[in-house]
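Q: when you get a sec, could you give me coordinates for this:
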Amino acid sequence: MRILLINPNISQSVSELIRSEATHAASVDTRIDVVTAPVGVAYIETRFEAIVGAYAAACLAAEHEADYDALIIAAFGDPGVRGIREAVDIPVVGLTEAALMSACMLGSRFSIVAISRRITAWYRECVLAYGLIDRLASIRHLDVHLRDVGSVQDDHAEQLRLLCNQAVDEDGADVIVLAGAPLAGLARSIRKELPVPVVDGVSSAVRHAETLVALASGRATRGSYARPPQKPNKGLPAALQALLERTT
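A: Numbers count the residues shown, from 1 in each chain. Predicted structure coming up:
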């Protein structure tokens with residue numbers, strides 16, 4: 001099985017965190033590859049940045065999907081996931097959806113721990129879009145300047161642990177979801193220190209992707225996830241144009 005993780009941000013250091021956790025989580029016979037957006041922002045915090053990341057993810061998906069069994073959009077908030085699902089022939093998984101589905105099978109209410117204040121409004125809207133807002137206990141977040149998004153885990157380890165415990169003790173969380181690729185792998189290192197299950201988006205996405213490939217459920221040819229209808233287009237990268245022009 002071959003799974004491609006697409007980092008829709010430009011941070012190579014985050015891509016290495018993604019690669020490490022995905023490789024650790026994957027089955028022994030699953031090949032993991034990671035690609036990084038060539039254009040965009042260091043990390044997505046806002047709705048507008050999510051639009052930029054979604055376009056970058058769509059371009060990379062169009063370039064590479066023929067060589068893989070599943071795609072993972074490796075940014076919390078799942079920029080472009082639903083649209084890319086319409087266009088490609090293989091399963092497409094997002095970190096948010098995968099992590100939330102895992103969390104819902106581990107407890108009744110979950111809290112999200114995020115890396116910034118600004119990001120929380122967009123995350124809340126993502127939870128609402130997935131129909132899970134009633135199961136959201138809270139979103140806790142760092143409120144400090146990020147020296148380097150790739151070193152958030154090391155720079156703010158104690159504060160992240162504190163936020164997790166506050167979500168349990170003060171917000172009633174049954175499960176903690178560590179949000180975003182910059183926190184990939186942190187769940188493994190702190191789960192024994194916390195009183196509730198801790199979910200990582202990257203590892204959840206890899207395991208869900210493996211399951212979807214194994215299920216071989218097929219793709220939609222009718223309905224809202226059928227391939228986008230053909231129509232004139234202009235100025236798109238060649239791979240994206242070819243994807244839009246695909247008929248079978």
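Q: so which residues make contact with the lengthiest helix in the chain?
A: The helix that spans the most residues within the chain, counting by DSSP state H, is helix 47-64. Helix 47-64 has contacts (C-beta atoms under 8 Å, 6 or more residues apart in numbering) with 4, 6, 8-9, 35, 37-41, 44, 71, 73, 75, 77, 79-80, 83-84, 87-88, 92, 122, 125, 237, 239-240, 242-243. For the C-beta atoms, the positions are set from N, CA and C on the backbone; glycine is no exception.
Q: in the chain, which spans are strands?
A: With DSSP state E as the criterion, the chain has strands at 2-7, 31-36, 70-73, 92-94, 110-114, 136-141, 175-178, 198-200.
Q: need the ones you listed in CSV (columns: distance to Arg188, mean pLDDT and mean neighbour count).
A: Putting the strands of the chain into CSV (distance: least, C-beta to C-beta, whole Å; pLDDT from 0 to 100; neighbours: other C-beta atoms under 10 Å) gives the following:
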stretch, distance to Arg188, mean pLDDT, mean neighbour count
strand 2-7, 17, 98, 25
strand 31-36, 16, 98, 18
strand 70-73, 18, 98, 28
strand 92-94, 19, 98, 27
strand 110-114, 15, 96, 27
strand 136-141, 20, 97, 21
strand 175-178, 10, 97, 29
strand 198-200, 7, 96, 25
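Q: could those be laid out in JSON lines, adding distance to Thr221?
A: Shown next, in JSON lines, are the strands of the chain (distance: least, C-beta to C-beta, whole Å):
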{"stretch": "strand 2-7", "distance to Thr221": "23"}
{"stretch": "strand 31-36", "distance to Thr221": "28"}
{"stretch": "strand 70-73", "distance to Thr221": "19"}
{"stretch": "strand 92-94", "distance to Thr221": "16"}
{"stretch": "strand 110-114", "distance to Thr221": "34"}
{"stretch": "strand 136-141", "distance to Thr221": "34"}
{"stretch": "strand 175-178", "distance to Thr221": "34"}
{"stretch": "strand 198-200", "distance to Thr221": "33"}
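Q: now do the domain split for this structure, please.
A: Here the domain assignment for the chain is 2-94+204-245, 97-200, based on automatic domain parsing.
Q: comparing those by mean pLDDT, which bottoms out?
A: When the domains of the chain are compared by mean pLDDT, domain 97-200 comes last with a mean of 93.
Q: and that one, how far out from the chain's middle?
A: 13 Å (C-alpha atoms, centre = their mean, to the nearest Å).
Q: endpoint to endpoint, that domain covers what distance?
A: Using C-alpha to C-alpha, to the nearest Å, the end-to-end distance of domain 97-200 comes to 11 Å.
Q: stretch 99-116 now?
A: 19 Å.
Q: and the pLDDT for the most centrally placed residue in the chain?
A: By C-alpha atoms, centre = their mean, the mean C-alpha position of the chain lies nearest to Leu95, the distance being 2.3 Å. The model reports Leu95 with a pLDDT of 95.
Q: which residues in this structure form helices?
A: Under DSSP H, the chain gives helices at 12-25, 47-64, 81-87, 95-104, 119-129, 152-155, 157-171, 186-190, 201-215, 238-245.
Q: the third one packs against which elements?
A: The one in question is helix 81-87. Judged by 3 or more C-beta pairs under 8 Å, 6 or more residues apart in numbering; DSSP states H and E, the packing partners of helix 81-87 are helix 47-64, strand 70-73, strand 92-94.
Q: so for Arg118, which of these sits nearest?
A: Closest of the helices and strands packed on helix 81-87 to Arg118 is helix 47-64, at 9.7 Å (criterion: C-beta to C-beta).
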